[in-house]
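[1] need a 3D model of the following:
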Amino acid sequence: SRETKDKVDEAKKGYLAISGLNVTSDVSAMYGMPEGVYVSEVIKGGGADKAGLPVNSIIVKIDGIDN
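    You can find the predicted model right below:
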């Protein structure tokens, strides 16, 4: 288990604001996709939207860390 770098108040926590699906090893093998989280929707005004994350992306790492 990893600890957050900085503890923040619940009201100040950030959220990606996406809808997504897990790309498991089976799905990865079947469709030739990398394992991760498939972004099916980006909620307008959320963290992912503000960062420019496009729909149909697959998140494979966060901050250089996978799984």
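
[2] which parts of the helix or strand encompassing A48 are buried?
    For A48, the enclosing helix or strand under DSSP states H and E is helix 47-51. Buried residues in helix 47-51, counted by 16 or more other C-beta atoms under 10 Å: A48. Where C-beta positions appear, they are placed from N, C-alpha and C, glycine not excepted.

[3] for stretch 39-56, same thing?
    V39, V42, A48, L53.

[4] same thing with stretch 59-67?
    Those would be I59, for stretch 59-67 by 16+ other C-beta under 10 Å.

[5] show me where the protein dips below the pLDDT cut-off.
    With pLDDT under 70 as the threshold, the chain has low-confidence stretches at 1, 4, 67.

[6] looking at it, which helix is longest?
    Using DSSP state H, we find that the single longest helix of the chain is helix 25-31.

[7] just the strands in this protein please.
    Applying DSSP state E to the chain gives strands spanning 18-23, 36-42, 58-59.

[8] nearest the geometric middle of this protein, what residue?
    The centre of the chain sits closest to I59, judged by C-alpha atoms, centre = their mean, with a distance of 4.9 Å.

[9] hey, what's the nearest residue to that residue once chain neighbours are set aside bridged with?
    Excluding the flanking residues, the one nearest I59 by C-beta to C-beta, 6 or more residues apart in numbering is V37, at 4.5 Å. Judged by DSSP bridges, the bridge partners of V37 are N22, I59.

[10] burial measure for V37, as a count.
    Neighbour count for V37, taken as other C-beta atoms under 10 Å: 16.

[11] ok, D63 to M30 distance?
    29 Å (C-beta to C-beta, to the nearest Å).
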